[in-house]
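1. Sequence and computational prediction follow.
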Amino acid sequence: MGKTFTRPKSLAEAHTHYCPGCTHGVIHRLIAEVIDELGISGKTVGIAPVGCAVLAYNYFTFDFQEAAHGRAPAMATGIKRVRPDLMVFTYQGDGDLASIGMGEIVHAANRGEKFTTIFVNNTVYGMTGGQMAPTTMPGQKTTTSPFGRNVEDCGMPIKMAELLSALETPGYITRQTVIRPKYIVKAKKAIKKAFTYQMENRCFSMVELVSTCPTNWGMSPIDAVKWTEEKLLPYYKLGEYKEPV
Amino acid sequence: MGKKVLMKGNEAIGEAAIRAGCLNYFAYPITPQSEVAEYLSRRMPEVGGVFLQGESEVAVAYMLFGASACGERVFTTSSSPGISLMSEGISYIAGAQCPVVFVNIIRGGPGLGGILPSQGDYFQATKGGGHGDYHLLVMAPASVQEAVEMVMRAFPLAEKYRNPVMILGDGLIGQMMEPVEFPDHLKTEPSNKDDWATSGMDHRKSNKRNLVKSLYLDPKVLNDQNLLLKSKYDQMKREEILYEGYNTDADYKVLIVSYGTMSRVCRTAIDLLKAQGLEVGMLRPQTLFPFPEKAVRDAAWKESCKAVISIEMSMGQMVEDVERCVQGRRPVEWYGKCGGDVPTPEEVMDAVRKIEK
Ligand SMILES: Cc1ncc(C[n+]2csc(CCOP(=O)(O)OP(=O)(O)O)c2C)c(N)n1
Ligand code: SF4
């Protein structure tokens, strides 16, 4: 009998630096599987963010660039404009994409840049020790909202999938999660669809993935999954938000 | 050599990049250089190039970074406040060793300052601007023709060093109309970047992937990386210094150090002073980094020379480099203005007369 489950070619053999129960690893694997299945690793350029995934390139075997905090969509724009034949994706956290990089993502999406964004929304700044993000839930305690996020002061958490879907420019926008196998199957389909639209030179695509950060949430991996289902998914609703017409 | 045409500096700068073989331009409008973007928005489609107006200078810097990191020639033009915004990206580009060409048509500062010519960004261009230990190779043209040639030379230089290059002009260089020609011999082929650029593994027919980054968490590795960058700056100091002397064969009593538009006014002042019987020499740095240290020192230490004056359209920035070179062996003075009025030859003559006594 042959092997039924192996490491995708696009995924490097490396020890992970991500914490136990963190969803970054699963998401990396899905991207690698999709890139293998589409046979595009030789023309793919990934862009690592500033955040826990800054070292993402250690886990992939194709070309990679490393951005400054929030600027990955501008780098992806630069690549796609001068080399439209390359397949480009940005991999960004919520601090990176929805705070410091808000301008870059909105304008790239609005210009309809033909790249794919994998948006890992774990509601906190993981890498710097769990500070509040624009996506932190009302009342959620973080190291810079020790009394819980006060929406009077900080506003409501930003829903990026909805926000980008409001743009008139055609695009593919979806929100998924990878906290249980049943969600993982759907998330992979969405990632594949996003890359396929890019291959067809159709539109900008973004897959938002509601994610866990057990370390900074102060929870066990299992509790983090439960909390995501109970608290996050009712607010960050999963589903397809926008299809290119 | 091509034929001579009359062109505005900003348009000539845009055309020069195309003639040099750079067909990718990203920018954000700002006075006094928006004509470059306007010109290239028409011209790039004609030559099958890329023109994109980004949403901010912050974004533009990273568009340049991404495009350059995958191996293509790219450039931008901006003016002082725009360069401040790009400076974050410039630091990353220098750290990741990407060959991007920047043109700064300086306007008055700080803050919004003014829209008239200035040389107030000397420190920003030559000493940093962004964070960390890096340098740009900085060239300062004194005419539209020289701006054209420097832009055309900037691309192979950026590739030789895998380092960003900046052309530092002032509003006058951008706005002035002068006859120019685009020397054919300055058109160059982009260098082969297969060993580092993220051009796609298929593109390179190799299974070694490339990585463009500036993060080195291991202190020894980061130190080594900075030593590597330093070795490039040291090589620039050995191989790329450019300067021009004026009236330096004479036994001058005063040495002027001046660059860009300001140096043109100084020439006129030197001619007028000569007619009045006072010999004055001038050293005009064409590269500001690397700075012509030895040339300035030798010119200042000439037997006949009693004093040195740095004349700049700033409140005294280059003068610090001049002082460093002269090493206290001659008095070093500064004269300048930076509101947007270019000092007149008479004002320069007065400044020289004052120190000559
Ligand atoms: C310009 C700049 N500001 C701040 C930082 C510090 N910083 C590094 S990562 C980060 C937040 C990352 O959070 P997120 O994007 O949510 O990703 P995560 O770590 O949660 O995956 C911050 C603020 C930086 N590197 N650069
Ligand atoms: S800090 Fe959070 S986001 Fe970062 S690796 Fe750990 S669990 Fe994942």
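-> In hand now; what should we look at? Ligands and ions are numbered 1, 2, ... in the order given.
2. helix or strand right after the helix-or-strand element of chain B with minimal mean pLDDT?
-> Of all helical and strand segments in chain B, the minimum by mean pLDDT, DSSP states H and E falls on helix B:171-175, at a mean of 93. Downstream of helix B:171-175, the first helix or strand assigned by DSSP states H and E is strand B:177-180.
3. May I have whatever helix or strand comes next after that following strand exported as PDB, CA atoms only?
-> The C-terminal neighbour of strand B:177-180 among helices and strands, as given by DSSP H and E, is helix B:201-204. Extracted in PDB, the C-alpha atoms of helix B:201-204 (Å, rounded to 0.1, in the frame of the first residue of the first chain):
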ATOM      1  CA  MET B 201      11.700  29.100 -10.000                       C
ATOM      2  CA  ASP B 202      10.500  28.200 -13.500                       C
ATOM      3  CA  HIS B 203      11.800  31.500 -14.800                       C
ATOM      4  CA  ARG B 204      15.300  30.500 -13.600                       C
END
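4. Measure how far helix B:201-204 is from the centre of its chain, please.
-> Helix B:201-204 sits 34 Å away from the centroid of its parent chain (CA atoms, centre = their mean, to the nearest Å).
5. what about it and chain A, touching?
-> Yes - shown here: helix B:201-204 in contact with chain A (CB under 8 Å from any CB of the partner chain) through B:201-203. The way it works is simple: take the backbone N, C-alpha and C, and place the C-beta from them, glycine included.
6. Turn the residues you listed into CSV, columns for neighbour count and pLDDT.
-> Listed next are the residues of helix B:201-204 next to chain A as CSV, based on neighbours: other CB atoms under 10 Å in any protein chain shown; pLDDT from 0 to 100:
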residue, neighbour count, pLDDT
B:Met201, 20, 96
B:Asp202, 16, 95
B:His203, 18, 95
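7. mean confidence score for stretch B:273-282?
-> Mean pLDDT, stretch B:273-282: 98.
8. my bad, stretch B:300-310
-> Mean predicted confidence for stretch B:300-310 is 98.
9. Buried residues, that stretch. List them.
-> For stretch B:300-310, the neighbour count (16 or more other CB atoms under 10 Å in any protein chain shown) marks B:300, B:305, B:307-310 as buried.
10. what two of those residues are the furthest from one another?
-> Maximum pairwise distance in the buried residues of stretch B:300-310, criterion CB to CB, is 13.9 Å, between B:Cys305 and B:Ser310.
11. Mark which of the buried residues of stretch B:300-310 are part of strands, please.
-> B:307-310 (DSSP state E).
12. Next, count neighbours for the residue nearest to B:Gly71 when sequence neighbours are not counted.
-> Once flanking residues are discounted, B:Gly71 sits nearest to B:Ala197: 3.4 Å by CB to CB, 6 or more residues apart in numbering or on different chains. B:Ala197 sits with 23 neighbouring residues when counted by other CB atoms under 10 Å in any protein chain shown.
13. Pull the contacting residues for B:Ala197.
-> B:69-71, B:210, B:212 (CB atoms under 8 Å, 6 or more residues apart in numbering or on different chains).
14. quick one: which of the buried residues of stretch B:300-310 is nearest chain A?
-> Comparing the buried residues of stretch B:300-310 against chain A with CB to the nearest CB places B:Ser310 closest, at 35.3 Å.
15. What is the neighbour count of the closest residue in space to the closest one that isn't next to it in sequence?
-> Take B:Ser310 and drop its neighbours on the chain: the residue closest to it by CB to CB, 6+ apart is B:Val319, 3.8 Å away. For B:Val319, the count of nearby residues is 22 (other CB under 10 Å).
16. Okay, and B:Val319 sits in which element?
-> Applying DSSP H and E, one finds B:Val319 within helix B:318-326.
17. Repeat that for B:Asn223.
-> Counting by DSSP H and E, B:Asn223 is part of helix B:219-239.
18. got the buried residues for that helix?
-> Counting neighbours by 16+ other CB under 10 Å, the buried set in helix B:219-239 is B:225, B:229, B:232-233, B:236-237.
19. Neighbours of B:Gln276, how many?
-> 8.
20. Check the gap between it and chain A for me.
-> 55 Å (CB to the nearest CB, to the nearest Å).
21. for B:Pro179, same thing?
-> Counting by CB to the nearest CB, the separation of B:Pro179 from chain A is 33 Å.
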